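[1] Following is a predicted model, sequence given first.
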Amino acid sequence: MCGIVGYVGERQACPVIIKGLHRLEYRGYDSAGVAVMHPGGGMDVFKCKGKVSDLEHFLEGKDSAGTIGIGHTRWATHGVPNDANAHPHLSRSGKLALIHNGIIENFRVLRDALRTHGFTFRSSTDSEVLVNLIEYVRESEKCSLEEAVRVALKQVVGAYAIAVIEEGNTSRIIAARKSSPMAIGLGDGEYFLSSDAASIIDYTQDFVYLNDEELAVIEKGKPLHIMNLDGKDTPVSIQKLNLSISQLEKGGFDHFMLKEIHEQPETLEDCIRGRVIPETLEIVLSGVIENKEKFLAARRIIFVACGTSWHAALIGEHLIENMCRIPVEVEYASEFRYRNPVIFPDDIVIAVSQSGETADTLAAVELARKAGAFVYGICNVVGSSIARSTDSGTYIHVGPEIGVASTKAFTGQVTVMTMLALLVGRLRGTVEEGYYHRVAQALLELPATMREALKTADQVAALAKTFTYAHNFIYLGRGYNYPTALEGALKLKEISYIHAEGLPAAEMKHGSIALIDAEMPTVAIATLDRTYEKTLSNIEEIKSRGGKIIAVVSKGDDLVRHCADYCIEVPSTVECLMPLVSIVPLQLLAYYIATYKGRNVDQPRNLAKSVTVE
Ligand code: G6P
């Protein structure tokens, strides 16, 4: 949540920052701002409510020249989205400007203490408290800016990624992080700073990722200097980010979400490449193979995740229990971390997170590690906090996901879980060879199957028009497709703002059936699987109560047509991979309903893609 960008070098800082902020808007988009230092050393802050494009308009005709600056796009935590609460925040004297991503939990105590020293505050943010605390330390201890930042951060409880500049110093940015990401891009005599390295990939591929409680002194023309909060120097490790700029663009689609839905055949191909060997159907996941003993001895697997990743984990539960015969629990990371859970040293905790930065999932990882469990990560963003804090893991390799509603990450996560379950099942001898071969072969065919599933797009687009009137929706599925129903409902909620509820189809009878009438459409996943007949009965029950039904059915299946109002045919594959196919029309349905309703699909209200606060 919140995106931060910084620049120091020979270029004009403002255009670099604005471009970076546009790429970070997925992290928050309720206000934006920039602080630049003019060549003579005077500093100006420009900020306003709204999106980065509003900030661009605001900057028109203003003097924003300068080769050092910091910028921010906000997802409000403390204080409503308005001009005053937008970042950067200035200190009392106006000499320090700060941008912040995260939450300072003890900001009230700090604010009250600062008030006793005569400080007043213009905004309701915790971030303004921090910049003033830094100034207070700087003035009272007469120390350097980096020392003031270090001492101030020692008093902070909470999460932060910050960047600070000081009037008069045209070559230096101080940055620090704890539980919020921060990457420093290294150029030729220049430095870039961002919450997400991908946002500044136009300028460099060499990055240093700050670790928790590290502080960086970033000075034009000088080597990068990193220290911990005790003031001890820490090593600078440079990593390459291999990403092409085209992966960050819409590629001819109207929205990132539509592009990301349509690129799933390719992203799954990337996810599977080198991991399912076509000639032998062998599965190669080095994270599992190198830790074979742990998987052989596992007493239990606990998934921790949030949002869409939690839905993927529910499918993972089916996969692992079926193929590995290991009991599995699926936990909301936010509940798990505060529940005093029972964790055994021979448990494996699998953290699932697209961004690898979700605060609750990260905290669950730390808890599990402290309890002595082996912690495995399934992440998309390479080098992310969760990827770095787990013992081992598998990247899903689906490329940057920019639309706030997760699509290709979900299918990538389920694909990795399928490979993991097959491999562990084979190692443990719990998966029957014939079944193993069928699933491994189906994985290789998955890109083609997804291409086929995407052919439903036109039909779904037409259908979506019919349903823009609806205020509520029910989604039903069973077995492997129960989590698909939850995920379909979440997609619709997130981007169309229509209330939607996902249910196990049979559970409908225990209450929610009371909601059924002609105004309540139901999306039922009724593909040919072991619960097909049962789902058909559930559909009949809705029909006989006057409900409208959209059914996702297997290609060529005519039976459901007799009771459903609309049928969307999807290709068949092995049952355990059906969620990947069934979710495609549900992603498309949410997308088209939302666009017909005029919603901002890529940046829906109130949401952020990367939830780095609790
Ligand atoms: C946010 C996003 C969701 C995402 C969830 C978990 O709520 O809007 O799309 O599923 O966070 O994110 P993660 O990066 O941990 O998968």
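    Okay, I see it.
[2] list the contacts for the closest residue to the ligand within the stretch 51-200 of the chain?
    Closest residue of the stretch 51-200 of the chain to the ligand, C-beta to the nearest ligand atom: W75 (10.5 Å). In short, each C-beta sits where N, CA and C put it, glycine included. By C-beta atoms under 8 Å, 6 or more residues apart in numbering, the contact set of W75 is M1, C2, R27, G28, Y29, D30, A608.
[3] ok, the third one - contacts?
    Applying C-beta under 8 Å, 6+ apart, we find R27 in contact with M1, C2, G3, T73, W75, N101, S195, D196, A608, K609, S610.
[4] Tell me the buried residues within the residues you listed.
    M1, C2, G3, T73, W75, N101, S195, D196, A608, K609, S610 (16 or more other C-beta atoms under 10 Å).
[5] just to revisit the earlier point, nearest spatial neighbour of the residue of the stretch 51-200 of the chain closest to the ligand, skipping sequence neighbours?
    Leaving aside its chain neighbours, W75 sits nearest to G28 (2.7 Å; criterion: C-beta to C-beta, 6 or more residues apart in numbering).
[6] And the pLDDT for L241?
    Looking at L241, its pLDDT reads 87.
[7] Assess the claim that it and D196 are in contact.
    No. Checked against C-beta atoms under 8 Å, the pair L241 and D196 is beyond contact range at 10.1 Å.
[8] sorry, back to before: any chance of the contacts of W75 in CSV with distance to the ligand and pLDDT as columns?
    What follows is these, written out as CSV (distance: C-beta to the nearest ligand atom, whole Å; pLDDT from 0 to 100):
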residue, distance to the ligand, pLDDT
M1, 9, 70
C2, 14, 87
R27, 10, 84
G28, 11, 81
Y29, 13, 84
D30, 15, 88
A608, 6, 78
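[9] what sits against the residue in the chain that the ligand sits nearest to?
    Closest to the ligand within the chain is G307: 2.7 Å, counting by C-beta to the nearest ligand atom. G307 makes contact with T358, S406, L490, V611 under the criterion C-beta under 8 Å, 6+ apart.
[10] same thing but 7 Å
    Listed by C-beta atoms under 7 Å, 6 or more residues apart in numbering, G307 has no contact partners.
[11] measure it to T77 for me?
    To T77, G307 is 18 Å away according to C-beta to C-beta, to the nearest Å.
[12] just I498 next, same as before
    For I498, the distance to T77 (C-beta to C-beta) stands at 27 Å.
[13] just T527 next, same as before
    Going from T527 to T77 by C-beta to C-beta gives 42 Å.
[14] ok, now K491?
    According to C-beta to C-beta, K491 and T77 sit 25 Å apart.
[15] ok, those two, which is more surrounded?
    For K491 versus T77, neighbours defined as other C-beta atoms under 10 Å are more numerous around K491 (28 against 20).
[16] and A35, what element?
    Assigned by DSSP states H and E, A35 belongs to strand 31-37.
[17] cool, and E533?
    Take DSSP H and E as the rule and E533 turns out to sit in helix 532-543.
[18] May I have the phi/psi pair for the residue of the stretch 51-200 of the chain closest to the ligand?
    Backbone geometry at W75, expressed as degrees, to the nearest 10, gives phi -120, psi 110.
[19] Which pLDDT value goes with T267?
    Per-residue confidence (pLDDT) for T267: 96.
[20] Checking my notes, it in a strand, right?
    No. Counting by DSSP: H, G, I helix; E, B strand; the rest coil, T267 is not found in a strand; it is helix.
[21] Now do the contacts for it.
    So T267 contacts V398, G399, K408, G412 (C-beta under 7 Å, 6+ apart).
[22] Tell me the residues of the stretch 251-400 of the chain that contact the ligand?
    Contact residues, the stretch 251-400 of the chain versus the ligand (C-beta under 6 Å from any ligand atom): C306, G307, T308, S309, S353, Q354, S355, T358, T361.
[23] With pLDDT, distance to P327 and secondary structure added, can I get those in a markdown table?
    Converted to a markdown table, these look like this (pLDDT from 0 to 100; distance: C-beta to C-beta, whole Å; DSSP: H, G, I helix; E, B strand; the rest coil):
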| residue | pLDDT | distance to P327 | secondary structure |
| --- | --- | --- | --- |
| C306 | 97 | 22 | coil |
| G307 | 96 | 24 | helix |
| T308 | 97 | 24 | helix |
| S309 | 98 | 20 | helix |
| S353 | 97 | 22 | strand |
| Q354 | 96 | 26 | coil |
| S355 | 93 | 28 | coil |
| T358 | 93 | 25 | coil |
| T361 | 96 | 21 | helix |
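[24] So which of the residues you listed wins on neighbours?
    Counting neighbours by other C-beta under 10 Å, the top entry in these is S353, with 34 neighbours.
[25] hmm, back to that, next, the buried residues of the strand holding A35.
    Buried, per 16+ other C-beta under 10 Å, within strand 31-37: S31, A32, G33, V34, A35, V36, M37.
[26] same question, stretch 269-279
    For stretch 269-279, the neighbour count (16+ other C-beta under 10 Å) marks E269, D270, C271, I272, R275, V276 as buried.
[27] can I get the CA coordinates of that stretch in CSV?
    Extracted in CSV, the C-alpha atoms of stretch 269-279 (Å, rounded to 0.1, in the frame of the first residue of the first chain):
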residue,chain,number,x,y,z
GLU,A,269,3.6,-21.9,-20.0
ASP,A,270,6.3,-19.8,-18.2
CYS,A,271,5.2,-21.3,-14.9
ILE,A,272,5.5,-24.9,-16.1
ARG,A,273,8.6,-24.5,-18.3
GLY,A,274,11.5,-26.5,-17.0
ARG,A,275,9.4,-27.9,-14.2
VAL,A,276,7.4,-30.6,-16.0
ILE,A,277,9.8,-32.4,-18.3
PRO,A,278,7.9,-33.3,-21.5
GLU,A,279,9.9,-36.4,-22.3
